[in-house]
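Novice: Predicted structure and sequence below. I'll ask about it afterward.
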Amino acid sequence: MDSNTVKIRPISIDDFEEVLKWSTDDAFCIANEWELHRDPRKVYDWWKHCVELNTTDFIRFGIEWNDRLIGYADLANIQDNAGELGIAIGDSTLWGKGLGSLAANQFMAYASAEYRISVFHAETHETNLRSRKMLEKLGFQEVSRIGFETYKGIKSQLIQYQLMMASA
(Lines give C-alpha, C1' and ligand atoms only; values in the text may rest on other atoms or scores of the structure.)
Protein backbone atom coordinates (compact mmCIF):
# COMPACT_ATOMS: atom_id res chain seq x y z
CA MET A 1 0.00 0.00 0.00
CA ASP A 2 1.15 3.50 -0.80
CA SER A 3 1.28 5.55 2.40
CA ASN A 4 0.48 8.68 0.37
CA THR A 5 -3.01 7.37 -0.35
CA VAL A 6 -3.83 6.90 3.36
CA LYS A 7 -4.41 9.93 5.53
CA ILE A 8 -6.06 10.86 8.77
CA ARG A 9 -8.38 13.83 9.01
CA PRO A 10 -11.10 15.25 11.23
CA ILE A 11 -14.43 13.46 10.95
CA SER A 12 -17.51 15.22 9.63
CA ILE A 13 -21.26 14.69 9.55
CA ASP A 14 -20.78 14.50 5.77
CA ASP A 15 -19.04 11.13 6.36
CA PHE A 16 -22.31 9.57 7.42
CA GLU A 17 -23.04 7.75 4.14
CA GLU A 18 -19.77 5.79 4.45
CA VAL A 19 -20.40 5.08 8.13
CA LEU A 20 -23.86 3.81 7.24
CA LYS A 21 -22.27 1.35 4.78
CA TRP A 22 -20.07 0.00 7.59
CA SER A 23 -23.20 -0.61 9.65
CA THR A 24 -24.40 -3.03 6.94
CA ASP A 25 -21.10 -4.97 6.88
CA ASP A 26 -21.82 -7.89 9.21
CA ALA A 27 -18.14 -8.84 9.55
CA PHE A 28 -17.26 -5.30 10.66
CA CYS A 29 -20.22 -5.10 13.04
CA ILE A 30 -19.43 -8.43 14.69
CA ALA A 31 -15.71 -7.61 15.05
CA ASN A 32 -16.42 -4.17 16.53
CA GLU A 33 -19.42 -5.11 18.66
CA TRP A 34 -21.80 -2.99 16.61
CA GLU A 35 -25.46 -4.00 16.65
CA LEU A 36 -26.37 -5.93 13.48
CA HIS A 37 -28.97 -4.35 11.18
CA ARG A 38 -29.03 -1.17 13.23
CA ASP A 39 -31.62 1.43 12.37
CA PRO A 40 -29.97 4.09 10.15
CA ARG A 41 -31.35 6.86 12.41
CA LYS A 42 -29.52 5.35 15.37
CA VAL A 43 -26.32 5.13 13.32
CA TYR A 44 -26.77 8.79 12.36
CA ASP A 45 -27.35 9.86 15.96
CA TRP A 46 -24.24 7.95 17.07
CA TRP A 47 -22.11 9.47 14.29
CA LYS A 48 -23.42 12.98 15.02
CA HIS A 49 -22.44 12.49 18.67
CA CYS A 50 -18.94 11.39 17.59
CA VAL A 51 -18.54 14.45 15.35
CA GLU A 52 -19.76 16.89 18.01
CA LEU A 53 -17.91 15.29 20.93
CA ASN A 54 -15.65 17.88 22.53
CA THR A 55 -13.58 16.45 25.35
CA THR A 56 -9.97 16.68 26.44
CA ASP A 57 -9.49 12.95 26.99
CA PHE A 58 -10.73 11.54 23.67
CA ILE A 59 -10.16 12.32 19.98
CA ARG A 60 -11.44 10.55 16.86
CA PHE A 61 -10.14 11.11 13.35
CA GLY A 62 -11.25 9.60 10.08
CA ILE A 63 -9.05 7.31 8.04
CA GLU A 64 -9.20 8.13 4.36
CA TRP A 65 -7.86 5.99 1.53
CA ASN A 66 -7.99 7.09 -2.09
CA ASP A 67 -10.25 10.01 -1.08
CA ARG A 68 -12.79 7.72 0.65
CA LEU A 69 -13.46 7.42 4.39
CA ILE A 70 -12.66 3.81 5.28
CA GLY A 71 -12.42 3.88 9.07
CA TYR A 72 -11.49 5.82 12.15
CA ALA A 73 -8.65 6.21 14.63
CA ASP A 74 -9.22 7.00 18.29
CA LEU A 75 -7.10 8.12 21.17
CA ALA A 76 -8.94 7.54 24.45
CA ASN A 77 -8.13 8.07 28.11
CA ILE A 78 -5.71 10.86 27.26
CA GLN A 79 -3.88 11.82 30.41
CA ASP A 80 -0.53 13.53 30.79
CA ASN A 81 1.58 12.07 27.98
CA ALA A 82 -0.38 8.84 27.42
CA GLY A 83 -3.45 7.58 25.59
CA GLU A 84 -5.08 4.42 24.31
CA LEU A 85 -4.99 3.85 20.55
CA GLY A 86 -7.91 2.35 18.68
CA ILE A 87 -8.17 1.69 14.94
CA ALA A 88 -11.20 0.47 12.99
CA ILE A 89 -11.34 -0.16 9.24
CA GLY A 90 -15.04 -0.03 8.35
CA ASP A 91 -14.99 -1.95 5.07
CA SER A 92 -14.04 -5.54 5.90
CA THR A 93 -12.91 -6.16 2.29
CA LEU A 94 -9.98 -3.82 3.07
CA TRP A 95 -8.80 -5.74 6.14
CA GLY A 96 -5.32 -7.24 6.06
CA LYS A 97 -3.94 -4.78 3.50
CA GLY A 98 -1.84 -2.68 5.89
CA LEU A 99 -4.15 0.34 5.84
CA GLY A 100 -4.67 0.25 9.61
CA SER A 101 -0.92 0.24 10.23
CA LEU A 102 -0.37 3.18 7.88
CA ALA A 103 -3.18 5.15 9.51
CA ALA A 104 -2.02 4.27 13.03
CA ASN A 105 1.50 5.53 12.26
CA GLN A 106 0.12 8.84 10.98
CA PHE A 107 -2.29 9.18 13.88
CA MET A 108 0.38 8.47 16.50
CA ALA A 109 2.69 11.03 14.86
CA TYR A 110 -0.15 13.56 15.01
CA ALA A 111 -0.94 12.74 18.65
CA SER A 112 2.74 13.03 19.56
CA ALA A 113 3.08 16.41 17.89
CA GLU A 114 -0.26 17.95 18.89
CA TYR A 115 -0.88 16.37 22.30
CA ARG A 116 2.67 15.46 23.35
CA ILE A 117 1.68 11.80 23.64
CA SER A 118 4.73 9.59 24.09
CA VAL A 119 3.15 6.49 25.63
CA PHE A 120 0.52 4.65 23.62
CA HIS A 121 -1.56 1.86 25.09
CA ALA A 122 -3.70 -0.60 23.15
CA GLU A 123 -5.76 -3.65 23.94
CA THR A 124 -7.02 -6.46 21.76
CA HIS A 125 -8.37 -9.97 21.99
CA GLU A 126 -6.00 -12.93 21.83
CA THR A 127 -8.03 -14.32 18.93
CA ASN A 128 -7.86 -11.05 16.93
CA LEU A 129 -4.73 -12.02 15.04
CA ARG A 130 -4.89 -9.12 12.56
CA SER A 131 -4.99 -6.56 15.36
CA ARG A 132 -2.17 -8.26 17.23
CA LYS A 133 -0.04 -8.40 14.07
CA MET A 134 -0.68 -4.71 13.39
CA LEU A 135 0.25 -3.65 16.93
CA GLU A 136 3.44 -5.71 16.87
CA LYS A 137 4.34 -4.33 13.41
CA LEU A 138 3.97 -0.81 14.86
CA GLY A 139 6.40 -1.68 17.67
CA PHE A 140 3.93 -2.24 20.51
CA GLN A 141 5.05 -4.67 23.19
CA GLU A 142 2.74 -6.95 25.12
CA VAL A 143 2.67 -5.83 28.77
CA SER A 144 -0.10 -7.93 30.32
CA ARG A 145 -2.96 -10.34 29.81
CA ILE A 146 -5.76 -9.18 32.05
CA GLY A 147 -9.42 -9.92 31.54
CA PHE A 148 -11.62 -11.76 29.10
CA GLU A 149 -14.27 -10.59 26.63
CA THR A 150 -16.35 -12.21 23.97
CA TYR A 151 -14.92 -11.59 20.51
CA LYS A 152 -16.85 -12.89 17.50
CA GLY A 153 -18.87 -15.08 19.82
CA ILE A 154 -15.89 -16.68 21.57
CA LYS A 155 -14.61 -15.88 25.07
CA SER A 156 -11.11 -14.51 24.50
CA GLN A 157 -8.21 -13.35 26.66
CA LEU A 158 -7.55 -9.60 26.49
CA ILE A 159 -3.97 -8.58 25.76
CA GLN A 160 -2.65 -5.16 26.76
CA TYR A 161 0.12 -3.52 24.73
CA GLN A 162 2.29 -0.43 25.10
CA LEU A 163 4.53 1.64 22.85
CA MET A 164 6.86 4.29 24.22
CA MET A 165 7.98 6.94 21.73
CA ALA A 166 10.52 9.68 22.06
CA SER A 167 8.88 12.76 23.55
CA ALA A 168 7.61 15.24 20.99
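Specialist: Cool, got the structure.

Novice: Residue 102 - that's part of a helix, no?
Specialist: Yes. Per DSSP: H, G, I helix; E, B strand; the rest coil, residue 102 lies within a helix segment.

Novice: need the contact list for the residue nearest to it when sequence neighbours are not counted.
Specialist: For residue 102, ignoring the flanking residues on the chain, the nearest one in space by Cβ to Cβ, 6 or more residues apart in numbering is residue 6 at 4.2 Å. The way it works is simple: take the backbone N, C-alpha and C, and place the C-beta from them, glycine included. By Cβ atoms under 8 Å, 6 or more residues apart in numbering, the contact list for residue 6 reads 63, 64, 65, 99, 102, 103, 106.

Novice: Walking through the protein, point out its helices one by one.
Specialist: 16-22, 26-31, 40-52, 99-115, 129-138 (DSSP state H).

Novice: ok, residue 132 to residue 74 distance?
Specialist: Distance of residue 132 to residue 74, computed by Cβ to Cβ, to the nearest Å: 18 Å.

Novice: Tell me, what's the model's pLDDT at the nearest residue to residue 162 once chain neighbours are set aside?
Specialist: Using Cβ to Cβ, 6+ apart and skipping the chain neighbours, the partner closest in space to residue 162 is residue 143 (4.8 Å). Reported pLDDT at residue 143 in the predicted model: 97.

Novice: show me the contacts for residue 143.
Specialist: Going by Cβ under 8 Å, 6+ apart, the list of residues near residue 143 reads 160, 161, 162.
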